[in-house]
Each structure stands twice: as C-alpha cells, then as structure tokens.
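Novice: when you get a sec, could you give me coordinates for this:
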Amino acid sequence: EIVLDKGQDAGLAIDAPVLGVLEGREALIGRIVEVSARVSKVMLLQDPLSEVAATVLGPNGEDGVVEGTNSHDLLLKFLDRGSQVKLGDQVVTSGLGKSFPAGISIGWVQSLEPDPRQLFLQARLHAAAQSNQIRLVLVLVPSSENGKPR
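Specialist: Numbers count the residues shown, from 1 in each chain. The predicted model follows:
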C-alpha cells in the first residue's frame, strides 16, 4: 500500500482509481481503500486482495480479471481455453464494474498457462507501472456535473 497526502478535502473518495506516472506513461497502480480529511491509503494492484476487470487489446477483446500476486507480476484470470491472447498483448481496464474507466493501461502478457483447476487460461502480466518506481500519482475523481472521472 501507499499513503497519499490528500484526502476528502481534495475530493478523493474510496474506490477512486490511482494511476502512476513513469517516463511520461500513465498506468493503473491501485485504488483508494481508506480516506480521511487529508490522507488516503491506496491498495496496490499487486496486493492479492486486489481485483480489476480487464480487457486484452486486440481484435477479440477478451475479458478477464486482473489479480495481484504479492510480487511485481499480475495474473489475468478467467480467459477462455481457446483464447487468442498472445505474448506481448496489452491489457487495459475494461470499464466493467464502474470503479475504473475503460482503457487504462495495466500491463502486458508475458506468459500463458492453464489455471490450477484446468478450467480456464490465465496470463501472467508484466505491470505497466512498477509501484516501487513511482514518484508521481494521479487520482481520478468524479466531476460534480456528470459523475464521470475528470
């Protein structure tokens, strides 16, 4: 987890997406799980309790759920066994569940394997932003006009 020096007074709220900025790229690193007037706590994507609805970019646009692994890698779970996902494919937020807008970079596929129960495929992802390298974060907060992130 990381702690931010901004809270409710700055418009932050629980479940707000947090993006890291590294070398001019923005990527999802987590979401706010606790907030007070001036401080917020962020659960990182690498946390095993973290789950994000995701889509693999490409012609098939396959959906799954990205989960943390307590390491720098992430797992994209629940891919169809006949999946056309390839090594190097980019994975982004799908927008399902309404916590995260669609299209935020999460990472790239680095390996594919059957899940432990052999029902689905799962992909190991290289995270687009390594949380230990982040020095600047952005928090997406809803605008007051339409409730969508600004």
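Novice: apart from its neighbours in sequence, what residue is nearest Leu57?
Specialist: Nearest non-adjacent residue to Leu57, counting by Cβ to Cβ, 6 or more residues apart in numbering: Gln90, 4.6 Å away. Quick note: C-beta positions are derived from backbone N, CA and C, even for glycine.
Novice: was I right about the one you found contacting Gly61?
Specialist: No: using Cβ atoms under 8 Å as the test, Gln90 is too far from Gly61 to be in contact (11.6 Å).
Novice: and those two? which has more neighbours close in?
Specialist: Counted by other Cβ atoms under 10 Å, Gln90 and Gly61 do not tie: Gln90 has more neighbours, with 15 against 9.
Novice: residues in contact with that one?
Specialist: Val56, Leu57, Ser105, Gly107, Trp108 (Cβ atoms under 8 Å, 6 or more residues apart in numbering).
Novice: just checking, the second one touches Gly88?
Specialist: No: the pair formed by Leu57 and Gly88 falls short of the contact definition of Cβ under 8 Å, at 10.7 Å.
Novice: now Asp80: how far from Pro114?
Specialist: Going from Asp80 to Pro114 by Cβ to Cβ, to the nearest Å gives 12 Å.
Novice: what is in contact with these two at once?
Specialist: Counting by Cβ under 8 Å, 6+ apart, the residues touching both Asp80 and Pro114 are Phe120, Leu121.
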